[in-house]
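Q: Give me the fold of what follows.
(one chain, ligands or ions: 2)
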Amino acid sequence: MSGDLNTIRLSATDRGLRVAVTFLRKGGLVAFPTETVYGLGADARDERAVAGIYRAKGRPAHNPVIVHVASLQAAARLIDLPSEGARLAQAFWPGPLTLVAPVRADSGIADICRAGAQTLAVRVPAAPLALSLLQAFDGPIAAPSANLSGKVSPTSADHVMEEMHGLVEGVLDGGVCGVGLESTIVGFDEDGTPCILRPGGVTREQLEQVAGPISDAPVTNDLAPSAPGQLSSHYAPGARLRLNAAQPELGEAWLGFGEEPQRTSAITINLSPTASVEEAATNLFAHLRILDAQLEYSGTIAVAAIPENGIGLAINDRLNRAAAPR
Ligand code: AMP
Ligand code: MG
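A: Ligands and ions are numbered 1, 2, ... in the order given. Predicted structure coming up:
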């Protein structure tokens, strides 16, 4: 995929940040690293700039974007957080948690960010470079993941360069993302009860320690529509995925976890030889990209079973959607 722009790789320096801010101020697109994945950023107050995100990604207009800000105070100027939401924000921001709440009339956020909903998704990222960019820009940055719509999310500047070259002004290079999976998205029902719209970097156990029991049933009222990215095929490599596999069949690539099976494949990577779900999350998208390229974007990747604890839930969520019929 290519476009007409001369995409510049920007270093994680004051100079790189200054150039990134210049691009954003004139309505351009800049990809930047967060602790979850690389985001494709634009000025969230600028309708045309955010429209550029949708165009570059080929993102359907009904899929809203997350707005990133530098602090809880800045977030409170955009959305009305119920009390449990404020507690979650205090506990987990900056960090891999997105809160979806009613947008304030005076938020100044471009309508296009909400894709028609009365709610807005907001996050304060923890990656130092993301926070530096938000502080230098001094405004809200709309940023979905910096990949083509429906494809695997990028966890390095190289991933973004490969896929979005020519489509964005700059890519701020901050190395590899630590968490490696998208943020946990939490919405609220009319009573202000939190529910998980998308599992991610902050686990259910962590959320419940702060806010008590949390539901993950899709909330379908107008205040908290279920997260649109949830149901369809998403995060999809070119190759098919066969999940919870004991071992690879002939011709399949193997994405392992923990101990290797007796039968192996010539095309093999292990998400975490020590069976750590955190390490597997960090590696998941990069490893899917590597195997996919080696299979020339067809064939099958057999994937070992991943335990359903902690961030393992979010890994299985992404794998299930990557494996869904397209
Ligand atoms: P991504 O595409 O990974 O950047 O994540 C964006 C996702 O955040 C969307 O696909 C939705 O699932 C979710 N989201 C963003 N804004 C809203 C909103 N106003 N209401 C519900 N979910 C939202
Ligand atoms: Mg995405």
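Q: tell me the SS of Ser132?
A: Here Ser132 is helix, with the state taken from DSSP: H, G, I helix; E, B strand; the rest coil.
Q: how near is it to ligand 1?
A: Here the distance between Ser132 and ligand 1 works out to 20 Å (C-beta to the nearest ligand atom, to the nearest Å). For every residue, glycine as well, the C-beta is placed using N, CA and C.
Q: residues contacting that residue?
A: For Ser132, the contacting residues are Leu17, by C-beta atoms under 8 Å, 6 or more residues apart in numbering.
Q: same question, the one 10 residues further on
A: Residues counted as contacts of Ala142 (C-beta under 8 Å, 6+ apart) are 41-44, 49-50, 53, 65-68, 109-110, 113.
Q: Quick check: closest non-adjacent residue to the residue lying farthest from the centre of the chain.
A: In the chain, counting by C-alpha atoms, centre = their mean, Gln262 sits farthest out from the average C-alpha position, at 34.5 Å. Once flanking residues are discounted, Gln262 sits nearest to Gln247: 6.6 Å by C-beta to C-beta, 6 or more residues apart in numbering.
Q: Same question for Ala211.
A: Glu84 (4.7 Å).
Q: That neighbour: neighbour count?
A: Using other C-beta atoms under 10 Å, Glu84 is surrounded by 20 other residues.
Q: For Gly116, grab the count of nearby residues.
A: The number of residues near Gly116, taken as other C-beta under 10 Å, comes to 10.
Q: That one is in what secondary structure piece?
A: Element membership for Gly116, per DSSP states H and E: none, as it lies in no helix or strand.
Q: What's the separation between it and Pro60?
A: With distances taken as C-beta to C-beta, to the nearest Å, Gly116 is found 12 Å from Pro60.
Q: Dump the contacts of Ala142 into JSON lines; add neighbour count, pLDDT and secondary structure as well.
A: Shown next, in JSON lines, are the contacts of Ala142 (neighbours: other C-beta atoms under 10 Å; pLDDT from 0 to 100; DSSP: H, G, I helix; E, B strand; the rest coil):
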{"residue": "Gly41", "neighbour count": "32", "pLDDT": "98", "secondary structure": "strand"}
{"residue": "Ala42", "neighbour count": "30", "pLDDT": "98", "secondary structure": "strand"}
{"residue": "Asp43", "neighbour count": "24", "pLDDT": "99", "secondary structure": "strand"}
{"residue": "Ala44", "neighbour count": "29", "pLDDT": "98", "secondary structure": "coil"}
{"residue": "Ala49", "neighbour count": "23", "pLDDT": "98", "secondary structure": "helix"}
{"residue": "Val50", "neighbour count": "27", "pLDDT": "98", "secondary structure": "helix"}
{"residue": "Ile53", "neighbour count": "24", "pLDDT": "98", "secondary structure": "helix"}
{"residue": "Val65", "neighbour count": "27", "pLDDT": "98", "secondary structure": "coil"}
{"residue": "Ile66", "neighbour count": "25", "pLDDT": "98", "secondary structure": "strand"}
{"residue": "Val67", "neighbour count": "27", "pLDDT": "98", "secondary structure": "strand"}
{"residue": "His68", "neighbour count": "28", "pLDDT": "99", "secondary structure": "strand"}
{"residue": "Ile109", "neighbour count": "23", "pLDDT": "98", "secondary structure": "coil"}
{"residue": "Ala110", "neighbour count": "21", "pLDDT": "98", "secondary structure": "coil"}
{"residue": "Cys113", "neighbour count": "26", "pLDDT": "98", "secondary structure": "helix"}
